[in-house]
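Peer 1: sequence first, then the predicted structure, then my questions.
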Amino acid sequence: MERTLVIIKPDGVQRQLVGQIISRFENKGLKIAGLKMLQVTKAQAQKLYEAHKKKNFYAGLLKFITAGPVVSLVIEGVQAIAICRKMLGATFGPDADPGTIRGDFAASISYNLIHASDSAESAGYEIPIFFHPEEIISYQLNDSKWIYHPEEEKELGV
Ligand code: CMP
């Protein structure tokens, strides 16, 4: 069982795609363990994009993610990190395959709608930037027995 950080970026909020994007994760059978709307602070943005500090697009990244409210989620499920990354599609809208979130909704390189942690290590680093431990809820989904096979459930502790 994994948890990953997903952020619907300011363009996703402004384009009123929040519901459609969240529905995709729910439809896949992933669980929402945390959810909030917030204005990203400069300090949070710097921490999130620490790895890109030396890149020429770093200043633009900070400006974009702090340009308006975002919706952040902790998404939980078996292999949730890899599944969410696949669901997002390629980083840049024009490269993203149809059927992915960016492939279906993003035409821009800079405005790419959504972020998701790219590894377990990143998720462990990124989730606490946006969520206090008590804001992440452990609970059983009512129909989880129809999302995972019973043997899978036992094995994976779903
Ligand atoms: P995200 O998945 O949020 O995390 C890092 C972001 O950097 C990525 O989305 C892109 O928005 C951005 N990014 C990566 N490479 C480039 C690039 N070459 N030019 C502009 N932005 C980039």
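Peer 2: Yep, it's here.
Peer 1: the helices in the protein, which residues?
Peer 2: Using DSSP state H, the helices found in the chain span residues 10-14, 18-28, 42-48, 58-65, 80-88, 101-105, 120-130, 150-156.
Peer 1: which one of those lies nearest to the ligand?
Peer 2: The closest of the helices of the chain to the ligand is helix 58-65. By CB to the nearest ligand atom, the value is 5.3 Å. From N, CA and C alone the C-beta is placed, and that goes for glycine too.
Peer 1: just to revisit the earlier point, the helices of the chain into TSV, with extra columns for mean neighbour count?
Peer 2: Listed next are the helices of the chain as TSV, based on neighbours: other CB atoms under 10 Å:
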stretch	mean neighbour count
helix 10-14	19
helix 18-28	15
helix 42-48	15
helix 58-65	15
helix 80-88	20
helix 101-105	20
helix 120-130	17
helix 150-156	11
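Peer 1: and those helices, which one averages the lowest pLDDT?
Peer 2: Comparing mean pLDDT across these, the weakest is helix 150-156, with a mean of 71.
Peer 1: distance of the closest residue to residue 2 other than its chain neighbours from residue 60?
Peer 2: In space, and not counting its chain neighbours, residue 2 is closest to residue 80: 4.4 Å by CB to CB, 6 or more residues apart in numbering. Distance of residue 80 to residue 60, given as CB to CB, to the nearest Å: 29 Å.
Peer 1: check residue 31 too.
Peer 2: 33 Å.
Peer 1: cool, and residue 14?
Peer 2: 17 Å.
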